[in-house]
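**Student:** everything below, folded, please.
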Amino acid sequence: MGELRLSLACGPYDRTEALRTGVVRPEGIDLVYVPVQSPPELFARMVSTECFDVSEMSLSLYFIRKCRGDFPFVALPVFPSRMFRHGYVFVNLDSGIETPQDLSGKRVGVPEYSQTAAVWIRGILRDEYGVDWDSCRWYTGGVNGIGRPDTLVEWPKRPLAIQRVFDRTLSEMLAEGSLDALIGARIPKALGRDPRVRRLFPDYREVEKDYFRRTGVFPIMHTVVVREAVYREHPWVTHSLYKAFCAAKAWCLEQMRFSGALRYTVPWLHAELEETERVLGEDPWPYGLDANRKTLETLLRYLVEQGFVDRPRPVEELFAPVTVVNE
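**Tutor:** Modelled structure (predicted):
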C-alpha cells in the first residue's frame with residue numbers, strides 16, 4: 001500500500017517551509033502543500049467547501065463552531081500563527097483617545113467582531129485596563145479593501161450595536177474621522193500616510209514584552225484542522241502530522257540560527273533572536289496542549305465573556321489527542 005495522499009493549505013511560513021519543500025515528510029503521508037497567503041481566503045475556502053484535507057484555521061472560529069457542535073473538523077495542537085496585538089489598536093488623533101480607557105463608548109472598526117485578533121484585543125484591554133467594549137458602536141468591513149467573506153462571520157449571543165460597512169474601507173473611515181478607533185489583524189494603509197492616524201501604543205513592543213513577562217501568554221491566532229471524515233477513516237494521520245509540524249519548526253529554528261550568513265533580510269537577525277530567547281525562552285513558538293494551556297484557556301474565557309460560547313470547555317475536548325515520545 002502506498003502513502004496516503006493529503007492536501008494541506010497553509011500560509012507560506014518559515015516554520016512550515018520544510019513541509020512545503022519536502023525536507024520533512026509526515027510518516028505515511030504524501031503531502032501536497034498549497035500555500036495561501038490570505039488567511040480569510042484560506043479559511044473561507046475550507047469552511048464553505050472542505051476543499052482541503054488539512055488546513056490552517058482561525059482559532060476563534062474553530063472554538064466557536066466546535067463548541068456549538070457544527071464544525072466537521074478536528075484540530076491539531078499546532079499553532080502556525082501567533083502575534084501580540086497591542087500594536088494593532090489604531091486611533092484617530094481627533095477622537096480624544098489618549099489611554100485605553102478612552103476607547104469605551106467610541107466608534108470602533110473591526111473586520112469581523114469574531115476575528116481572533118479582535119477577540120484577543122478586547123479581552124486583553126478589558127483585563128489590563130478595564131475597557132468597556134459593550135458601550136462601543138461597532139463597524140465591520142474590510143480594512144484596506146471593501147468587503148469580507150460572509151462564511152467567517154459569527155455574531156455574539158448578546159445585544160451589541162454592530163453595523164456592517166459595504167461602501168468604504170475601515171482605513172478610510174478611520175482617517176476621515178467617522179471611526180474613532182480600529183482593531184484587528186491588519187495594519188490600515190492610512191497609518192504612516194495620514195497624520196490623523198496613529199497607534200494607541202506607540203511603544204507597543206515594550207508593552208507586549210511586559211505583558212508576556214507578567215502573564216506568560218503569547219496570543220495564538222490560528223490552529224490546524226483535519227477534516228473529520230479523514231480523521232475517522234485514518235486516525236493515525238493526526239500523530240504523523242503533529243510530529244511533522246514539530247520537526248518542520250525545529251528545522252526552521254536551526255536554519256534561522258545559522259551564523260555564517262543571514263538567512264533572512266533582517267540586518268540584526270541574531271540580535272532579534274537573542275532578545276526573543278531572553279523574553280520567550282528557547283522555544284518561542286511551542287506546540288502541544290501543555291505548553292499552551294494558559295493561552296488556550298484565556299482565549300476560551302474571552303469567547304465566553306464576549307458572548308460567543310456558552311461555557312468554557314477542557315481544551316482536551318477540542319483537539320485531537322497526539323502521542324509524542326521524546327527520546
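**Student:** in terms of secondary structure, what does the longest strand anywhere in the chain contact?
**Tutor:** In the chain, with assignment by DSSP state E, the single longest strand is strand 73-82. Judged by 3 or more Cβ pairs under 8 Å, 6 or more residues apart in numbering; DSSP states H and E, strand 73-82 is in contact with strand 54-58, helix 59-68, strand 220-227, helix 228-233, helix 237-256. Where C-beta positions appear, they are placed from N, C-alpha and C, glycine not excepted.
**Student:** could you redo the last one with a cut-off of 7 Å?
**Tutor:** strand 220-227, helix 228-233, helix 237-256 (3 or more Cβ pairs under 7 Å, 6 or more residues apart in numbering; DSSP states H and E).
**Student:** give me the low-pLDDT residue ranges for the protein?
**Tutor:** Applying pLDDT under 70 to the chain flags residues 1, 149, 325-327.
**Student:** for it, which residue is closest to the average position?
**Tutor:** M221 (1.5 Å; Cα atoms, centre = their mean).
**Student:** so the spatially closest residue to R158 that is not a sequence neighbour, which state does it fall into?
**Tutor:** Counting by Cβ to Cβ, 6 or more residues apart in numbering, G307 is the residue found nearest to R158 once chain neighbours are left out, at 3.7 Å. Three-state assignment for G307 (DSSP: H, G, I helix; E, B strand; the rest coil): coil.
**Student:** likewise for L6?
**Tutor:** Under three-state DSSP, L6 falls in the strand class.
**Student:** number of nearby residues for the closest residue to it other than its chain neighbours?
**Tutor:** The spatial neighbour of L6 that comes closest, neighbours along the chain excluded (Cβ to Cβ, 6+ apart), is D53 at 4.2 Å. Residues contacting D53 under the criterion other Cβ atoms under 10 Å number 24.
**Student:** residues touching D53, list them.
**Tutor:** D53 sits next to L6, S7, V226, R227, V230 when contact means Cβ atoms under 7 Å, 6 or more residues apart in numbering.
**Student:** now the two most distant members of these.
**Tutor:** The most widely separated members of the contacts of D53 are S7 and V226, with 11.0 Å between them, by Cβ to Cβ.
**Student:** settle it for me: which of these two has more neighbours?
**Tutor:** V226 (25 against 14).
**Student:** wait, what's in contact with that one?
**Tutor:** Under the criterion of Cβ under 7 Å, 6+ apart, the neighbours of V226 are D53, V54, F73, V74, L76, V237, T238.
**Student:** quick one: the third one from V230, how far?
**Tutor:** F73 sits 10 Å away from V230, going by Cβ to Cβ, to the nearest Å.
**Student:** the two - which one has more neighbours?
**Tutor:** Set F73 next to V230 and count neighbours by other Cβ under 10 Å: F73 wins out with 23 against 19.
**Student:** assess the claim that the more buried one and V225 are in contact.
**Tutor:** Yes. Between F73 and V225 there is a contact under Cβ atoms under 7 Å: 3.8 Å.
**Student:** between the two, what contacts are shared?
**Tutor:** In terms of Cβ under 7 Å, 6+ apart, F73 and V225 are both contacted by the residues M57.
**Student:** picking that back up, is it possible to mark the buried ones in the contacts of V226?
**Tutor:** Buried members of those, counted by 16 or more other Cβ atoms under 10 Å: D53, V54, F73, V74, L76, V237, T238.
**Student:** name the nearest residue to the fifth one, sequence neighbours excluded.
**Tutor:** Closest residue in space to L76, ignoring its immediate chain neighbours: V224 at 4.7 Å, by Cβ to Cβ, 6+ apart.
**Student:** thought Q255 was touching R263?
**Tutor:** Yes. Q255 sits in contact with R263 when judged by Cβ under 7 Å, with a separation of 5.7 Å.
**Student:** leaving out chain neighbours, which residue sits closest to the residue nearest to the centre of the chain?
**Tutor:** Per Cβ to Cβ, 6+ apart, closest to M221 is S81, 4.1 Å.
**Student:** just give me the neighbour total for the one you found.
**Tutor:** 22.
**Student:** swap in the one 10 residues further on?
**Tutor:** Taking other Cβ under 10 Å as the neighbour definition, V91 ends up with a count of 25.
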